[in-house]
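> Could you look at this predicted model? Sequence included:
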Amino acid sequence: SLLLLVMQYSRKHYLNFWDGQLQTAVASKVIKWNWYNATTTYTTAWYAGMNTWNTYGNSVGGVSIATSTTATSSADLLVLDIASSSSDFFLGTYTPLVGPDQLKFNPYFMNQFDNSVKQYTVTHELGHALGLGHSYLGNIMLSYATSTGQTALGTQDISDYDYLNTLSPTLW
């Protein structure tokens with residue numbers, strides 16, 4: 001409908017800003033990462049989500065998420081599992097910090113879902129690490145988790161990524 005179209009385009013980009021700063025683990029168009037405690041339960045989903053962003057990023061000269069770990073002392077992002085029954089920490093969360101940011105997955109809830117939802121969660125949280133905010137249905141950055149297990153980037157995901165990429169190196 002026309003109303004939906006106007007609302008959809010009234011906010012052109014969904015980015016993750018806090019206090020005027022883009023919240024991102026990107027440094028010089030790269031995310032270097034390491035496991036916090038040697039690994040994660042979701043290694044397969046991790047590499048699949050990373051591949052989704054890298055495939056698109058490589059096609060447009062964007063951010064490269066390192067395909068293997070780096071020393072914790074030089075990592076931009078630490079990946080870990082923390083089991084919690086709190087609904088505030090449902091499937092996963094991205095936390096920007098001074099020092100390496102953290103991307104946490106929650107086995108308490110994640111283990112109730114199939115592999116596509118796990119991959120969706122990883123891809124979604126990596127989107128936050130790139131600086132993307134929540135958007136709407138049909139996109140990886142949908143503002144709430146669904147059981148559909150979407151694994152491909154949506155049009156808004158791509159638009160927001162491209163926008164940040166055009167601002168690089170200002171923000172990336």
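Perfect, I can see it now.
> For stretch 91-111, buried residues please.
Residues of stretch 91-111 classed as buried: 91-94, 96, 100-106, 108-110 (neighbour count, 16 or more other CB atoms under 10 Å). Placement of C-beta: from N, CA and C, glycine included.
> Just the closest of these to I158, please.
Y94 (19.2 Å; CB to CB).
> And that closest one, what's its pLDDT?
pLDDT recorded at Y94 is 96.
> That one against P100, yeah?
No: counting by CB atoms under 8 Å, Y94 stays clear of P100, with 11.9 Å between them.
> Find residues that contact each of the two.
By CB atoms under 8 Å, 6 or more residues apart in numbering, Y94 and P100 have these common neighbours: A25.
> On the three-state scheme, Y108 is what?
Three-state assignment for Y108 (DSSP: H, G, I helix; E, B strand; the rest coil): helix.
> And the helices in the chain, which stretches?
2-10, 43-59, 107-110, 115-130, 155-167 (DSSP state H).
> deepest of these, which one?
Comparing those by mean neighbour count (mean count of other CB atoms under 10 Å), helix 115-130 ranks first with a mean of 24.
> could I have that one exported to CSV, CA atoms only?
The C-alpha trace of helix 115-130 is given here as CSV (Å, rounded to 0.1, in the frame of the first residue of the first chain):
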residue,chain,number,x,y,z
ASN,A,115,20.6,-24.9,11.6
SER,A,116,19.0,-22.2,9.3
VAL,A,117,17.8,-20.2,12.4
LYS,A,118,21.3,-20.5,13.9
GLN,A,119,22.8,-19.3,10.7
TYR,A,120,20.3,-16.4,10.6
THR,A,121,21.3,-15.4,14.1
VAL,A,122,25.0,-15.4,13.4
THR,A,123,24.5,-13.4,10.2
HIS,A,124,22.2,-11.0,12.0
GLU,A,125,24.6,-10.4,14.8
LEU,A,126,27.5,-10.0,12.4
GLY,A,127,25.3,-7.4,10.7
HIS,A,128,25.4,-5.4,14.0
ALA,A,129,29.2,-5.8,14.2
LEU,A,130,29.3,-4.2,10.7
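> follow-up on the earlier one: just the buried residues of stretch 91-111: which are in strands?
92-94, 101-105 (DSSP state E).
> Reformat those as a markdown table; add distance to T24.
Shown next, in a markdown table, are these (distance: CB to CB, whole Å):
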| residue | distance to T24 |
| --- | --- |
| G92 | 17 |
| T93 | 15 |
| Y94 | 9 |
| D101 | 8 |
| Q102 | 13 |
| L103 | 12 |
| K104 | 17 |
| F105 | 19 |
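> CA atoms only: put stretch 141-151 into PDB for me.
Taking C-alpha atoms only, stretch 141-151 is exported to PDB below (Å, rounded to 0.1, in the frame of the first residue of the first chain):
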ATOM      1  CA  MET A 141      18.400  -7.400  10.200                       C
ATOM      2  CA  LEU A 142      14.800  -7.900  11.000                       C
ATOM      3  CA  SER A 143      14.200  -6.400  14.500                       C
ATOM      4  CA  TYR A 144      13.000  -9.700  16.000                       C
ATOM      5  CA  ALA A 145      13.800 -13.400  15.600                       C
ATOM      6  CA  THR A 146      11.600 -15.600  13.600                       C
ATOM      7  CA  SER A 147      11.600 -19.300  13.000                       C
ATOM      8  CA  THR A 148      11.900 -18.900   9.200                       C
ATOM      9  CA  GLY A 149      15.600 -19.100   9.200                       C
ATOM     10  CA  GLN A 150      16.300 -16.600   6.400                       C
ATOM     11  CA  THR A 151      19.900 -16.900   5.400                       C
END
